[in-house]
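[1] Give the three-dimensional model of this entry:
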Amino acid sequence: MMEFVIQEALEEHDKNGDGFVSLEEFLRDYRRDPTANEDPEFVNDYDKDTNGRLDPQELLSWVVPNNQGIA
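    Here you go, the predicted structure:
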């Protein structure tokens with residue numbers, strides 16, 4: 001089930017198809033603010049390895065904040 005959730009989220013948010021959601025893709029979809037160039041929530045809450053993009057596990061924590069219940 002988690003793989004499905006991750007795949008669906010990637011299809012929706014990973015605009016360049018690299019398998020990650022970059023800060024720019026996150027801001028475009030989540031904040032909808034074309035002038036923003038940073039987001040503390042992205043870095044502090046989701047991008048745990050601070051590489052500037054969400055990998056599939058980090059993406060899961062964004063789209064399903066309490067993903068412990070997903071089978």
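
[2] Please make it C-alpha for all contacts and neighbour counts, starting now.
    OK.

[3] Just the buried positions in stretch 1-8, please.
    2, 5, 6, 7 (16 or more other Cα atoms under 10 Å).

[4] Out of the residues you listed, which comes closest to residue 18?
    residue 7 (12.4 Å; Cα to Cα).

[5] name the element that closest one belongs to?
    helix 2-13 (DSSP states H and E).

[6] same for the next helix or strand after that helix, what does it pack against?
    Of the helices and strands lying after helix 2-13 in sequence (DSSP H and E), the nearest is strand 21-22. Judged by 3 or more Cα pairs under 8 Å, 6 or more residues apart in numbering; DSSP states H and E, strand 21-22 is in contact with strand 53-54.

[7] Can you pull out the low-pLDDT segments for this protein?
    30-37, 67-71 (pLDDT under 70).

[8] what residue lies at the spatial centre of it?
    With distances taken as Cα atoms, centre = their mean, the chain has residue 59 as the residue nearest its mean C-alpha position (3.8 Å).

[9] So that one lies in a strand, does it not?
    No: looking at residue 59 with DSSP: H, G, I helix; E, B strand; the rest coil, it is helix, so not inside a strand.

[10] quick one: contacts for it?
    Residue 59 is in contact with 6, 9, 21, 46, counting by Cα atoms under 8 Å, 6 or more residues apart in numbering.

[11] Also residue 19?
    10, 55, 56.

[12] For the closest residue to residue 22 other than its chain neighbours, grab the count of nearby residues.
    Nearest residue to residue 22, sequence neighbours excluded (Cα to Cα, 6 or more residues apart in numbering): residue 53, at 4.1 Å. Residue 53 has 22 neighbours, counted by other Cα atoms under 10 Å.

[13] Residue 46 now?
    20.

[14] which of the contacts of residue 59 lies closest to residue 15?
    residue 21 (7.9 Å).

[15] what pairs with the closest one across the strands?
    Residue 21 has these beta-bridge partners by DSSP bridges: residue 54.

[16] I am finished for the moment; much appreciated.
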